[in-house]
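# model this:
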Amino acid sequence: MTINSGFTRLLAALSLLLGATSAFAATRTVTIDAPAEAVAGSKVSVTFSAATDVGGNEQIGFLYAAYSVDGGLTWTGTCFDQSVGPKATRNMVIPVGAKGSQAKVRVMAAFRGGKAGDVDYSGAPIKWDGSWSKWETPPARYVTIAVK
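The predicted structure follows:
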């Protein structure tokens, strides 16, 4: 075997290894679909979802959603689902406040059961007594709806 063919085999092996690694890249998502604006006193439809393609036993262990009609001062919970599988989509209809106010929606998912342990959508470990209880981002996603 020549040095050149050995080097070629090494490059081929590295290429296969790197390709296999990227094939196992994990994708976890939390999304919110809501209008950017709403008419004062109306109700708006909001769809939110979470998903993981990690496989194995990983699933959405907790899926929580809440909305606020006073710009985030107070919140009303609308979804408190547990162990919902690898994908979940939920819909809610929320009221909006007075003209000039803001309605907000927040959604948080904890992915659990997989090799990574309890993680948020970015793959970071969930701090149950820290960021989880404070609705920081991540693990939460937010949208703001301007009331016209």
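# hey, let's count contacts and neighbours off CA atoms from now on
Fine.
# element containing Ala65?
Here Ala65 sits within strand 59-68, counting by DSSP states H and E.
# same question but for Asn57, I mixed them up
Following DSSP H and E, one finds Asn57 outside all helices and strands.
# Just to check, it is in contact with Gly113?
Yes - counting by CA atoms under 8 Å, Asn57 touches Gly113, with 5.2 Å between them.
# if you count what's nearby, which of those two comes out ahead?
Set Asn57 next to Gly113 and count neighbours by other CA atoms under 10 Å: Gly113 wins out with 16 against 12.
# and the closest residue in space to that one that isn't next to it in sequence, what is it in contact with?
Nearest residue to Gly113, sequence neighbours excluded (CA to CA, 6 or more residues apart in numbering): Glu58, at 4.4 Å. Glu58 makes contacts with 52, 86, 111-115, as judged by CA atoms under 8 Å, 6 or more residues apart in numbering.
# next one: Glu37
145-148.
# Mind checking which of those residues land in strands?
Among the contacts of Glu37, DSSP state E puts 145-147 in strands.
# Much appreciated, bye for now.
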